[in-house]
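Enquirer: Got a predicted structure here, sequence first:
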Amino acid sequence: MQFSKNWLNEFVDVDISTEELCGQLTMAGLEVDGYETYHSKISGKDAIIKLDITPNRGDCFSVLGIAREVAIANNLKLKMPSVKSIKSTLPSPTDIKVCSVAPVYVGRYIRNINLLAKTNPLIAERLETSDHRLIDPVVDITNYILLELGQPLHAFDHEKIDGDIRVRYAKEKENLTLLDETEVALSKDCLVIADKKKPIAFAGIMGGLNSSVTSDTKSIFLESAFFKPEVIRGRARRYGMQTDASMRFERGVDYELQEIAIARASTLLNETVGGEYAPIQIVQEKKNLPKKIKVSLDIENANNLLGYKFSNSKAQKYFKGLGLDPKSTGKKINTTCPSWRYDLNIESDLIEELARLEGYDKLPQRSLQPLLGRKKVSTERLVSNFFVSQGYNEVITYSFIDENDADLIQNKKNKLKVSNPISQNMSVMRPSLWPGLLNTYVKNYKNGKSDQKIFEIGSIFLTDSKGEVDEVNQVSGLISGNLNSIHWDRKPEPLNFFDLKGDLEKLSSSLKLEFSFQEKSIAFLHPGKTASITLNNKKIGYLGALHPKIVDLKGLKNEVYLFSLNLGSLDLNDHIKYKEFSRFPSSQRDLAFLVDRDVSNLEITKLIKSKAGKDLTDLIIFDVYQGKGIPEDKKSIAYTLRWQSKKRTLVDGEVDEAVENIVHFLNKKIKAEIRE
């Protein structure tokens, strides 16, 4: 949104520099995208201010909305634009009927207008500096009201309307040619403005070409409506459009502004194109209007949360400026949210308004409590801190993904599709964090960054055969490339399956849990290089190499390794306790066993731990060998074992006895033979 500073001054007499004004808007939480000064031929020195408005502040998509913020910041009174009373000299030939999702519809019939007249020079200049092209006086004035008050208007050529006006849902496959000459096939959930035979406008989005104002137009029907945001939201995007009207209706326009907008437009039209005017027609279904929300604020609660001392009177002053009609009852301030503020619903919203209007820079800074001083650290924080400490970078990707990416990793029938996707490549709720991680890796890879370790914590969305949706909190990660970057005295070492498995084993150890890994096959990952992760005999995730077909599909040359864990399955009820480390030396032994090929490392380590004794501190696999000198049905697997007591120095005899117990036990259970 962009507008001229002098236009703003018509609503509020603020005598400050453009730089100071932009600073105030920034402190009010509005993002200033810049400004440029220029000389107006009509009003002299002026400036164009550009703002990026967040979706929750639909009330600021107008000069009036911005003026409200400036008036509060400078303790000034807000002025409304002038409206003249125009005498009605003829009856309206058009009746209006609305439906429940269009509870307010205001119209006015005007005839004998002069479209050869020129748009007022001031209006023309303000439209051009607001990036709107001039068309004709009627359209220019409706665009002017849209920018000035935030209320979209539309003018129909009355001679092209067949009968009365009806606001209704479209009929299946009903067609409409829009003002930009695009023909759309409307669906049953699209709202239209229609006459008795056909639709004449796509409600809240764009007018129809068949009823548009042209140079031959002599009479018009001017409309101003309130449509419920949910019936407009997503419809324009579905047809690849976004208009000034849809952008405002989607966010919610002031449902008490329609008559004011028609009266203001009538004033400007009367001054420009003349004409004869019928009375303003107001059709309103009060029972279907939004209910005004009442929100209470505990001033002590606000002060405790913000660490700031707001007096009751100061808070009420701010709320009054916002149009909240505050009333104090003891420590509480009761407010009624105005018709233009859809974003105020709970006490936290009011607390945010206090902080915003006072200025975030005035609120005191608070240091975060040290991590170890907290009674309980969230699982997400612990897991995030761990992976960052292992050299991973955390990423955040969209919850919406491309349908083709979803098809790679799940049953095509169980996709959770979005009804109104932001774009075609964001049409499915993600069933895994892997597509986002993989696309992040591919983008970085194509920019020359092939060595990556990244992870993400977030929700995935799964559906069962009955259509029930389950939201699951996960952590997933990806590694690829080399462990060591290029260096003169060492060669790069490619990351592999066991590097990722080792990181997960470290995570398991740091959380005082015991993960188990078992060979598994799933479609998205490499057969033979995939494992499931279990905890307490419950499957909680997977790790493995990306399937070669997908590696080729993505144009990659490196192997890519992925993992995922369900965070809800990590039982961290007890806070991690830190114990004193041993001050005595450790004893180490290396053992290599010859075992059957189908015996897993998990099975061997369980057997070793059961006979190693309480002082075993480390059990690390350092070699697996199959080949020359080893029978085809066998494999050699070697471990480093380390013992350390916290009370004394262990003697060789104790360690040798533990080793002998381990060797005999493994031979008995799995026929393992010790290799010298």
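Expert: Cool, got the structure.
Enquirer: make it CA atoms for all contacts and neighbour counts henceforth
Expert: Noted.
Enquirer: Okay, now the unreliable bits of this protein?
Expert: Under the criterion of pLDDT under 70, the regions of the chain flagged as low confidence span 366-377, 410-413, 485-488, 572-578.
Enquirer: for the residue positioned nearest the centre of the chain, what are its contacts?
Expert: Geometric centre of the chain, nearest residue: residue 398, 7.2 Å, by CA atoms, centre = their mean. The neighbours of residue 398, taking CA atoms under 8 Å, 6 or more residues apart in numbering as the test, are residue 436.
Enquirer: pretty sure it belongs to a helix, no?
Expert: No. Secondary structure of residue 398, determined by DSSP: H, G, I helix; E, B strand; the rest coil: coil, with no helix assignment.
Enquirer: tell me the phi and psi of it?
Expert: Residue 398 adopts backbone torsions of phi -70, psi 150, taken as degrees, to the nearest 10.
Enquirer: any idea how far it is from residue 433?
Expert: According to CA to CA, to the nearest Å, residue 398 and residue 433 sit 9 Å apart.
Enquirer: in the longest helix along the chain, what's buried?
Expert: Ranked by residue count, the top helix of the chain under DSSP state H comes out as helix 652-670. The neighbour-count criterion (16 or more other CA atoms under 10 Å) identifies 655, 658-659, 661-663, 665-666 as the buried residues of helix 652-670.
Enquirer: Not counting its own residues, what contacts the next helix or strand after that helix?
Expert: Toward the C-terminal end, the helix or strand that comes next after helix 652-670 (DSSP states H and E) is strand 673-675. Identification of contacts with strand 673-675 by CA under 8 Å, 6+ apart yields 591-595, 663, 666-667.
Enquirer: what comes up buried for strand 673-675?
Expert: Using 16+ other CA under 10 Å as the test for burial, strand 673-675 gives 673-674.
Enquirer: again with stretch 5-18
Expert: Judged by neighbour count (16+ other CA under 10 Å), stretch 5-18 contains these buried residues: 5-14, 18.
Enquirer: just stretch 103-118 next, same as before
Expert: When neighbours are counted by 16+ other CA under 10 Å, the buried residues of stretch 103-118 are found to be 103-111, 113-115.
Enquirer: between the buried residues of helix 652-670, which is nearest residue 139?
Expert: Nearest to residue 139 out of these is residue 666 (CA to CA; 88.5 Å).
Enquirer: Apart from its neighbours in sequence, what residue is nearest residue 335?
Expert: The shortest distance from residue 335 to any residue that is not its chain neighbour, by CA to CA, 6 or more residues apart in numbering, is 4.5 Å, and that residue is residue 326.
Enquirer: what's near enough to touch residue 461?
Expert: Neighbours of residue 461 in contact, by CA under 8 Å, 6+ apart: 416, 429-432, 469-472.
Enquirer: about what we covered before: would you mind giving the contacts of strand 673-675 as JSON lines with distance to residue 346 added?
Expert: Output for these, formatted as JSON lines (distance: CA to CA, whole Å):
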{"residue": "591", "distance to residue 346": "65"}
{"residue": "592", "distance to residue 346": "65"}
{"residue": "593", "distance to residue 346": "66"}
{"residue": "594", "distance to residue 346": "67"}
{"residue": "595", "distance to residue 346": "65"}
{"residue": "663", "distance to residue 346": "67"}
{"residue": "666", "distance to residue 346": "64"}
{"residue": "667", "distance to residue 346": "68"}
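Enquirer: burial measure for residue 358, as a count.
Expert: Residue 358 is surrounded by 18 other residues when neighbours are defined as other CA atoms under 10 Å.
Enquirer: how near is it to residue 345?
Expert: Distance from residue 358 to residue 345, counting by CA to CA: 20 Å.
Enquirer: How about residue 421?
Expert: For residue 421, the distance to residue 345 (CA to CA) stands at 26 Å.
Enquirer: do the same with residue 393
Expert: Going from residue 393 to residue 345 by CA to CA gives 37 Å.
Enquirer: again, but for residue 550
Expert: When distances are taken as CA to CA, residue 550 and residue 345 turn out to be 47 Å apart.
Enquirer: Tell me what the spatially closest residue to residue 93 that is not a sequence neighbour is bridged to.
Expert: Leaving out its chain neighbours, the residue that sits closest to residue 93 by CA to CA, 6+ apart is residue 109, at 7.7 Å. Residues in a beta bridge with residue 109, per DSSP bridges, are residue 221.
Enquirer: My guess is residue 109 contacts residue 89. True?
Expert: No. Counting by CA atoms under 8 Å, residue 89 is not a contact partner of residue 109; they are 10.8 Å apart.
Enquirer: quick one: the strands in the stretch 201-350 of the chain?
Expert: Using DSSP state E, counting those that start in this stretch, the strands of the stretch 201-350 of the chain run over 206-207, 219-226, 276-277, 281-284, 294-298, 327-329, 332-336.
Enquirer: The residue nearest to residue 335 reaches residue 332, doesn't it?
Expert: No. With contact taken as CA under 8 Å, residue 326 and residue 332 are classed as non-touching, separated by 10.0 Å.
Enquirer: so how far is the longest helix of the chain off the chain centroid?
Expert: Between the centre of helix 652-670 and the centre of its chain there are 57 Å (CA atoms, centre = their mean, to the nearest Å).
Enquirer: Show me what it is packed against.
Expert: Packed against helix 652-670 by the contact rule (3 or more CA pairs under 8 Å, 6 or more residues apart in numbering; DSSP states H and E) you find strand 587-596, helix 601-612, strand 673-675.
Enquirer: So which of those is the most surrounded?
Expert: A comparison of the helices and strands packed on helix 652-670 by mean neighbour count, using mean count of other CA atoms under 10 Å, puts strand 587-596 on top with a mean of 17.
Enquirer: Partner strands of that one, with direction?
Expert: Sheet pairing for strand 587-596, assigned by DSSP bridges, gives strand 634-643 (antiparallel), strand 673-675 (antiparallel).
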